[in-house]
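Asks: The following block contains a protein sequence and its predicted model.
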Amino acid sequence: MLLNKERAIAYLDQCGLDAVVATSPVNITYLTDYSCWLSPLLKGYMTEPGGSSELGANYAVFARDGEGGLVIGSAFATNVRACWVNRLRFGGPLLFDRTPLLESPPEARDLRECWELFTERDCDESPDAGLAELLKEMGLANARLGVEMEDLSARRKSELGETLKNCEVRDCSNLLRLIRMVKTDQELRRVARSAEINERALLAGLREAQAGMSALELIRNYRIAIAANDASLDHYAYSIDGLGIATQGDYTLRDGDVMFIDSGCIFEYQFSDTGTTLFVGSAPGELVAHFSALGEAVDAGQAAATVGATASSVHKVMASVIDGHGLASPIHGHSLGLDVREYPMVLPSKGGRISDDCVDVDADIRLEPGMVFNIEAPLFLPPTGAFQLEKTFVMTDQGCKPLIEQDRTGPVIGA
């Protein structure tokens, strides 16, 4: 289970909510474990020409009593077998005639589970009608609900408001982000595995890099390596002469190149993100010293990241090390998981708030056990080149620990 149930229930108690309702694909996955590749892609105009770019309506419900429910299109119902929730409603008609299913139930257990999905549930209601029925079934027809409103259009908000007219509704978009900050054991295992796949694929490819090789070949080899471990590409970025970051277009590596390299993959819905510096063919001492300075800053950040410390205090320590070396690195940090960037963000404090109708907290988050975050130290020095050093950590009761082994004692030296 991805959902941190204990943390979610504690927040619901704190906010005086009976349940939360997620509307975005990522938070539906978080609350239920349901996922479909099409959910974040299928927009209104793709099924109704002239429609909007709004995503189709699915819903996930998590109640303070620990019960969960899901409303999805019937076409993807077989995906729910991976979910923990015990209540399901369909939104939209079936793609086939279910009469034969009613007349001839299958013998195989797995097939019977699918058969029951389509024979024991109404498949003709709209997603909003399905949500209303689900809430009624869960005893939440007149409840105090936190609803993820942030990305809904004015039309959707109005329609949903009518569906939930007997409920007290509050926007909980940021509340869900705060719940997701502390990972469950399953999340930690998945994030760690994603990080391992990413790290090994990246470094193996860079060790084979040499002058005359195409950057596209590096990317292709990386994609093959992560695919062999059941992961998919999120990004592979590199620098050219220190002039920012590229992800597209071909480039031929040259002897003496100093290259920012950053990559990430997705394993079982969990993002990873890492980076290092590639020296092609040679490693001048003064440039290696820059990489070492970035490493000192990352190490200082790890040491400063203690339970209860603010994210900005960690950033301040890292920035001080960078300043002491006379460099100008936009060093920072960020969490990751179901999104490529999540809270907490390791940045200077600007006095901001994280707020919605349910929560209002300082944006300078205090670190807790179970948080995962990257510390990222890039450095751009055109036309000499660019540097990157990025590692992933997890907060524990004993302090900030590496999530996986990541050797950054020196840059990667290509052939």
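Replies: Looks like it came in fine. Numbering: from 1, shown residues only.
Asks: got the CA positions of stretch 254-271 in CSV?
Replies: The C-alpha trace of stretch 254-271 is given here as CSV (Å, rounded to 0.1, in the frame of the first residue of the first chain):
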residue,chain,number,x,y,z
ARG,A,254,34.5,15.7,-27.6
ASP,A,255,37.8,15.1,-25.8
GLY,A,256,37.9,17.5,-22.8
ASP,A,257,34.2,17.9,-22.4
VAL,A,258,33.0,18.5,-18.9
MET,A,259,29.3,17.6,-18.8
PHE,A,260,26.4,17.9,-16.4
ILE,A,261,24.5,14.6,-16.5
ASP,A,262,21.2,14.0,-14.9
SER,A,263,18.8,11.0,-15.3
GLY,A,264,15.7,9.6,-13.8
CYS,A,265,13.4,6.5,-14.3
ILE,A,266,10.1,5.3,-13.1
PHE,A,267,9.7,2.0,-11.3
GLU,A,268,6.2,0.9,-10.1
TYR,A,269,5.0,4.5,-10.3
GLN,A,270,8.0,5.8,-8.3
PHE,A,271,10.3,8.4,-9.7
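Asks: Buried residues, it. List them.
Replies: If you call a residue buried by 16 or more other Cβ atoms under 10 Å, then stretch 254-271 has these buried ones: 257-267, 269-271. C-beta coordinates here come from the backbone N, C-alpha and C atoms, glycine included.
Asks: cool, and stretch 204-215?
Replies: Residues 205-206, 209, 213, 215 are the ones in stretch 204-215 that count as buried (16+ other Cβ under 10 Å).
Asks: Who are the contact partners of residue 325?
Replies: Residues near residue 325 by Cβ atoms under 8 Å, 6 or more residues apart in numbering: 290, 293, 296.
Asks: Residue 274 now?
Replies: The neighbours of residue 274, taking Cβ under 8 Å, 6+ apart as the test, are 195, 198-199, 202, 262-264, 374, 390-392, 406.
Asks: now do residue 56
Replies: So residue 56 contacts 39, 42-44, 47, 73, 127 (Cβ under 8 Å, 6+ apart).
Asks: And the residue nearest the centre of the chain, how far from residue 40?
Replies: The centre of the chain sits closest to residue 339, judged by Cα atoms, centre = their mean, with a distance of 1.6 Å. Distance, residue 339 to residue 40, using Cβ to Cβ, to the nearest Å: 11 Å.
Asks: Equivalent analysis for residue 266, please.
Replies: The value you get for residue 266 to residue 40, if Cβ to Cβ is used, is 12 Å.
Asks: What of residue 353?
Replies: Here residue 353 is placed at a distance of 28 Å from residue 40 (Cβ to Cβ).
Asks: likewise residue 271?
Replies: Per Cβ to Cβ, residue 271 is found 14 Å from residue 40.
Asks: follow-up on the earlier one: and residue 353 and residue 40? Which one has more around it.
Replies: residue 40 (14 against 11; other Cβ atoms under 10 Å).
Asks: element containing that one, please.
Replies: Using DSSP states H and E, residue 40 maps to neither a helix nor a strand.
Asks: Quick check: closest non-adjacent residue to it.
Replies: What sits nearest to residue 40 in space, not counting adjacent residues and going by Cβ to Cβ, 6 or more residues apart in numbering, is residue 25, at 4.3 Å.
Asks: How about the contacts made by the one you found?
Replies: 35-36, 39-40, 55, 58.
Asks: Show me the two of these that sit farthest apart.
Replies: Across the contacts of residue 25, no pair lies farther apart than 35 and 55, at 14.0 Å, counting by Cβ to Cβ.
Asks: what lines up beside the lengthiest strand in the chain in the sheet?
Replies: Looking across the chain with DSSP state E, the single longest strand is strand 258-267. With DSSP bridges as the test, strand 258-267 is paired with strand 232-238 (antiparallel), strand 270-271 (antiparallel), strand 274-280 (antiparallel).
Asks: Out of the helices and strands in the chain, which is least certain?
Replies: helix 109-119 (a mean of 56; mean pLDDT, DSSP states H and E).
Asks: Mind giving me the packing neighbours of the following helix or strand past that one?
Replies: For helix 109-119, the following helix or strand on the C-terminal side (DSSP H and E) is helix 127-137. Taking 3 or more Cβ pairs under 8 Å, 6 or more residues apart in numbering; DSSP states H and E as contact, the helices and strands that helix 127-137 lies on are strand 59-63, strand 68-72, strand 87-90, helix 154-163.
Asks: Any idea which of the ones you listed has the lowest pLDDT on average?
Replies: When these are compared on mean pLDDT, strand 87-90 scores lowest, with a mean of 85.
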